[in-house]
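Asker: Any chance you could fold what I've pasted below:
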Amino acid sequence: MSKDVIIACDFPGRKETLDFLDKFKEEKPFVKVGMELFYAEGPKFVKEIKDRGHKIFLDLKLCDIPNTVKKAMAALSDLDVDICNLHAFGGMEMMKAAVEGLTRPDGSRPLLIAVTVLTSISQEMLENEIKIERPLKDVVIEYAKNAKEAGLDGVVCSPLEASIVHENCGDSFLTVTPGIRFADDAKGDQQRVTTPAKAKEIGSDYIVVGRSITAAEDPVKAYRRCVEEFCK
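Answerer: Numbers count the residues shown, from 1 in each chain. Reported below is the predicted structural model:
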């Protein structure tokens, strides 16, 4: 399995997204379509990006009762994206239902991964606001184990936790890690962050990079820097 850099296309609409993607004349980078863009432009725009030759991580973080998530995943399976996700917090039955809903009649489906603990959440927030009084890394491990048992392909976690996920769930269990910044960037609203080079060293399989690329003076140069540090 090849490592890859996924660009978080967290733009408000179609024009801004296509203006950004048009900067890439030689590459067709893997992109993330999140809630902001999906809610603004809908499924047809996801297909438009796919038709332009990009792999897509559809980052909608589903979390609801199992039957609702199953039906939602069945609808998303027709978009031909490469990765979908949900919240591990929704529990084992919800995750199993998601796999069932996402699987097409021919047995194929996108990769399905579970969000463990958001990279914006610190240990203090986990205890004081969410009322989970356990070490954050233990929560990540338990959620990852549940996701694997439910038949998922991997998890979204902080790059700082990628190695412990692999230790507990195996090397083939994917770690998709946001919270990536260049060493000279501000960390923004995320708490558990690291650089592309460090994420490679720790064991991330995919890194999700947003503002360090999308807000760069030269996004293509920044993307190539990420690829060089993480993939080469």
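
Asker: C-alpha only now, for contacts and for neighbours.
Answerer: Noted.

Asker: need the strands for this protein, in chain order.
Answerer: Assigned by DSSP state E, the strands in the chain fall at 4-8, 30-34, 56-62, 83-87, 111-115, 154-156, 174-177, 206-209.

Asker: Of the ones you listed, which stretch is the most buried?
Answerer: Burial of the strands of the chain is given as mean neighbour count (mean count of other C-alpha atoms under 10 Å); strand 154-156 ranks first at a mean of 28.

Asker: chain center to it: distance?
Answerer: Counting by C-alpha atoms, centre = their mean, to the nearest Å, strand 154-156 is centred 8 Å from the centre of its parent chain.

Asker: Just checking: what are the partner strands of it?
Answerer: Here strand 154-156 has these sheet partners by DSSP bridges: strand 111-115 (parallel), strand 174-177 (parallel).

Asker: right, and those strands - which one's nearest residue 211?
Answerer: Closest to residue 211 of those, according to C-alpha to C-alpha: strand 174-177, at 14.6 Å.

Asker: Convert the C-alpha atoms of the closest one to CSV, please.
Answerer: Backbone C-alpha positions of strand 174-177 (Å, rounded to 0.1, in the frame of the first residue of the first chain) are rendered in CSV as follows:
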residue,chain,number,x,y,z
LEU,A,174,-5.2,2.0,7.9
THR,A,175,-4.4,5.2,9.8
VAL,A,176,-5.7,8.4,8.1
THR,A,177,-4.2,11.3,10.0
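
Asker: Can you list the neighbours in contact with stretch 12-32?
Answerer: The contact list for stretch 12-32 (C-alpha atoms under 8 Å, 6 or more residues apart in numbering) reads 4-11, 36-37, 40-41, 45, 53-59, 208, 214, 219-220.

Asker: List just the one of the strands of the chain that sits closest to residue 123.
Answerer: Taking these one by one with C-alpha to C-alpha, strand 111-115 is closest: 16.4 Å.

Asker: Rebuild the strands paired with strand 154-156 as CSV, extending it with mean pLDDT.
Answerer: Output for the strands paired with strand 154-156, formatted as CSV (pLDDT from 0 to 100):
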stretch, mean pLDDT
strand 111-115, 98
strand 174-177, 97
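
Asker: Switch these over to TSV; also include distance to residue 70.
Answerer: Shown next, in TSV, are the strands paired with strand 154-156 (distance: least, C-alpha to C-alpha, whole Å):
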stretch	distance to residue 70
strand 111-115	12
strand 174-177	22
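
Asker: which stretch among those comes nearest residue 167?
Answerer: When the strands paired with strand 154-156 are compared by C-alpha to C-alpha, strand 174-177 sits nearest residue 167, at 11.5 Å.

Asker: Can you list the neighbours in contact with the closest one?
Answerer: Applying C-alpha under 8 Å, 6+ apart, the contact partners of strand 174-177 are 113, 153-159, 162, 165-166, 203-208.
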